[in-house]
Every structure is written in structure tokens, then in C-alpha cells.
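1. sequence and computational prediction follow.
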Amino acid sequence: MDAKITKTRLAQMLSYDWLKIVGCALAVIFVWVLIFTWTATRITSTQQYAIHNYFGVNLGNGFYDDYTDFAKGEVFSYEVFEVESVDINQDQTVGYQLLETRWAVGEADVMFIADYEDTSTYYDAEGNMLTEVKEDTEYFYKSYLEKFGKSMYFRSTARLDDGEKDGYFTQMKTYLSQFYEVTGVTEKTFGNVTLSVADFDENSFNEELVKQKFKERATKNKDKRYKKEAEWAKGYADEIARIQAYEAAYEDFFSYLERGYIALNEWSYDLENPLYVKGGVYSVNLCPDEERMPTLKEDFYYRQQTEDGKYFTTAKNMNVLFVELDGLDPDFKYENILLVNEIVRRHAVDL
């Protein structure tokens, strides 16, 4: 049998079977793409830090200039690879779609909301939304912060003070006390809110325990970054720096509270739905006194109108809520304090 490959036979084969050849090539490429996709290391919810701004809050030039650089190690720990902003302040349909889709996949860490009145929606004395307002109708406004508190998304925000369970700062105190000795706990009052604030002995820092817990977590998560001895050494160093940064941030945060640069916002809204938590502290007011944080509006702002109809920008009573969604490693939820402290350092007067 003559099976010799000639130019004529090759040309005939290509003329009749070229579609099969192209199809097979595409199939091979598709299979390899799937293999690489399935085996690739994906960025986790913990490694992607997402900053959301709620309706009414605008992002200023200062935010776009600097905040997306935080992932380069300037503010957050080594575990944050990427920082992104999600602008909810747009058409309400689009805004709520963004909220629903991003929160469903765990892509939210903080939400910036201004505690000022949303004048686009009217309510009667019982809190019912009015579809129309006649000339003799008595109506009221609700703040954006209050409106968010009545939404289903409110359930995913962290309570900062203690309620039926330990709040965010008590959890942070407990977390750090694994690695530091607590030399004392003081009841401190900030406005109407009282918290138990710990003093840590920095000289008691337990590096070996930090390394142990780091290795346990990396092994459990099958973290591919740590295989060689040098990689483990870098991982230990990064983890030690992270815990030390959290301890310093804990002290700085309460220092800023005591000095009045920021404040704890105690919510007293009556949330009718029993699924939602009533009362407590759920947000940090980043600008209780605009004279002390005058440039915050360069990063986050909203517009208000004077009596003569002129508009101006302000960041007065700009609040930040801490979001805790599925997929977030609880060891890393204290990155939020690093962000808040950086905001204070950027904008506070006479710090």
C-alpha cells in the first residue's frame, strides 16, 4: 500500500478536512484553558479589599489618586493584593444591582454612608413612605444612614460595641491577647458609648505563636505561596508585621476617639423587622467636627444646599460601616482599622 505523503495528497486532505483540523485545534485550546482556569490560584475575598460608597456619597480626586495604591503595602497587610472601589451612588436600579451582586460573592469590606437627609424620598409621621406629597401634607425625611439600617444589607455590618455577643473591638482585643499580655483593661466612655479598652505589653509579643498559627492557616488553606524555606521565612516576617500593625492600630484608633477626631455613632433607629439588630454602635463617624478633618471631603463628600440655593461640598458626619461577608477570613477583618487610621492621619489637623 502506497502511504507516501505527497504535496498533492496533503493538499487534497486539507481541502476536505480543514474544518475538522481547525475544530480539533480549538478543542485542544479550550481544554487547556479549562485546565489552567481550574488549577489557577484565585484571589480570595480576604485578598481583595473592596470600598463601597452608598447613595449620596461621592468619591473625590484624592480617593482616586491614593486609595487604590493601598494594596502596595502602604496601609494594608501583606494579604491584601488588590483594592477596588464600587460606586453605588448612581441610578438606584444599577446601584442596588451592584450591592446585590457584590455582596453575594463577598466583595465588600467597608461602606461609606453620610448621616444626612435624603431629600428625594418623603415619609409621614409613622415612617411610611409617601408616593405623593400634597400641599397640606406633613412629611419628613430620613437620613441615608437610617435608610440603610432598614435594608437587608444591614445584617452584614459588624456591631462595634458589645451586645448579646462580643462586638468588633472586644473581638479584636481577644484576638490580640493571644500574642500579647494584657496589662490592664479600662472602661472608657466615648460620647454615650462605653467600651473596655485593653493595654498590651509590647515586650511580651509571642513571635513563636504567631509563626505557629500562620503555618497552621497556610497549611490548612493549601497556600501555594509557601513551599521553600525562604518563602516560609518571608511569610513569617509578614505575619509578624501584620499582628504588630494591628496592635499599634488598636492603640491609635482609641487615641483618635479620645481626641475627638472620630466618634462612635450609636444608632437608635427603630428597626421594625425582628431579623435586624436594634440599637448599638454600627458605624464610625469620620467627621464629627469638620474643622478638625477639613480635607476629608477631598476623598469622600456629599452636596448640601444653602438657604439661598447654592450648593457646597462637605464630609460632615461621614460614616463608615465594617462589612463582614462570607469568605472573609476572620483573622484579617481588622484591616478596616488600618484604613480608618490612615484616613485620620491623612486629614486630621494638628494630629
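-> Looks like it arrived, so ask away.

2. gap between the nearest residue to Val75 once chain neighbours are set aside and Lys310?
-> Counting by CB to CB, 6 or more residues apart in numbering, Val75 lies nearest to Glu342, which is 4.8 Å off, once chain neighbours are set aside. Yep, even glycine has a C-beta here, placed from its N, CA and C like the rest. Plainly put, Glu342 is 33 Å away from Lys310 if you go by CB to CB, to the nearest Å.

3. also Gly260?
-> Taking CB to CB, one finds Gly260 at 29 Å from Lys310.

4. look at these two and report which has more neighbours.
-> With neighbours defined as other CB atoms under 10 Å, Gly260 and Lys310 compare such that Gly260 has more, 13 against 8.

5. and that one, what helix or strand is that in?
-> Gly260 belongs to no helix or strand when assigned by DSSP states H and E.

6. contacts only, for it.
-> Going by CB atoms under 8 Å, 6 or more residues apart in numbering, Gly260 touches Pro288, Asp289, Arg292.

7. which one of these has the most neighbours?
-> Pro288 leads the contacts of Gly260 on contacts (other CB under 10 Å) with 20 neighbours.

8. can I assume that residue is in contact with Asn319?
-> No: checked against CB atoms under 8 Å, the pair Pro288 and Asn319 is beyond contact range at 10.0 Å.

9. which secondary element of the chain has the worst mean pLDDT?
-> When each helix and strand of the chain is scored by mean pLDDT, DSSP states H and E, helix 7-39 comes last, with a mean of 53.

10. roughly how far is the next helix or strand after that one from the heart of the chain?
-> Beyond helix 7-39 in the direction of the C-terminus, DSSP H and E gives the next helix or strand as strand 48-53. Between the centre of strand 48-53 and the centre of its chain there are 5 Å (CA atoms, centre = their mean, to the nearest Å).

11. buried residues, stretch 195-205. List them.
-> Using 16 or more other CB atoms under 10 Å as the test for burial, stretch 195-205 gives Leu195, Val197, Ala198, Phe200, Phe205.

12. just the C-alphas of stretch 224-235, formatted as PDB.
-> Taking Å, rounded to 0.1, in the frame of the first residue of the first chain, the C-alpha atoms of stretch 224-235 are listed here in PDB:
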ATOM      1  CA  LYS A 224       0.900  27.700  47.200                       C
ATOM      2  CA  ARG A 225       3.000  30.700  48.100                       C
ATOM      3  CA  TYR A 226       4.900  28.900  50.800                       C
ATOM      4  CA  LYS A 227       6.900  25.800  49.700                       C
ATOM      5  CA  LYS A 228      10.600  26.700  50.000                       C
ATOM      6  CA  GLU A 229      12.300  27.700  53.200                       C
ATOM      7  CA  ALA A 230      12.900  31.200  52.000                       C
ATOM      8  CA  GLU A 231       9.200  31.600  51.200                       C
ATOM      9  CA  TRP A 232       8.200  30.400  54.700                       C
ATOM     10  CA  ALA A 233      10.700  32.900  56.200                       C
ATOM     11  CA  LYS A 234       9.100  35.800  54.300                       C
ATOM     12  CA  GLY A 235       5.700  34.600  55.300                       C
END
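
13. buried residues, it. List them.
-> Within stretch 224-235, the residues scored as buried using 16+ other CB under 10 Å are Tyr226, Trp232, Gly235.

14. thought the second one was touching Tyr226?
-> When you say that, I think you mean Trp232. Yes: judged on CB under 8 Å, Trp232 makes contact with Tyr226 at a distance of 5.2 Å.

15. confirm that the residue nearest to Val75 sits in a helix.
-> Yes: under DSSP: H, G, I helix; E, B strand; the rest coil, Glu342 falls within a helix.

16. what pLDDT does Thr137 get?
-> Turning to Thr137, the model gives it a pLDDT of 62.

17. cool, Arg42 as well?
-> Listed pLDDT for Arg42 reads 66.

18. let me know the pLDDT of Gln171.
-> In this model, Gln171 is scored at 97, pLDDT.

19. same deal with Leu59?
-> Leu59 carries a pLDDT value of 87.

20. check contacts around it.
-> Contacts of Leu59 (CB under 8 Å, 6+ apart): Asn53, Ser85, Asp87, Asp299, Phe300.

21. in TSV, list those along with distance to Thr44.
-> Shown next, in TSV, are the contacts of Leu59 (distance: CB to CB, whole Å):
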residue	distance to Thr44
Asn53	23
Ser85	19
Asp87	23
Asp299	27
Phe300	27
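
22. between the residues you listed, which sits nearest Val284?
-> Phe300 (12.7 Å; CB to CB).

23. which strand residues bridge that closest one?
-> Under DSSP bridges, the beta-bridge partners of Phe300 are Leu59.

24. that one against Asn61, yeah?
-> No: contact between Phe300 and Asn61 fails when scored by CB under 8 Å: they sit 11.4 Å apart.

25. please say which of these two ends up with more neighbours.
-> Neighbours of Phe300 and Asn61, each counted by other CB under 10 Å, are more numerous for Phe300; the result is 26 against 9.

26. that one and Lys165, how far apart?
-> In terms of CB to CB, Phe300 sits 30 Å off from Lys165.

27. returning to that earlier point: got CSV for the contacts of Leu59, with distance to Ser45 and pLDDT too?
-> Shown next, in CSV, are the contacts of Leu59 (distance: CB to CB, whole Å; pLDDT from 0 to 100):
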residue, distance to Ser45, pLDDT
Asn53, 19, 93
Ser85, 16, 86
Asp87, 19, 90
Asp299, 24, 90
Phe300, 23, 91
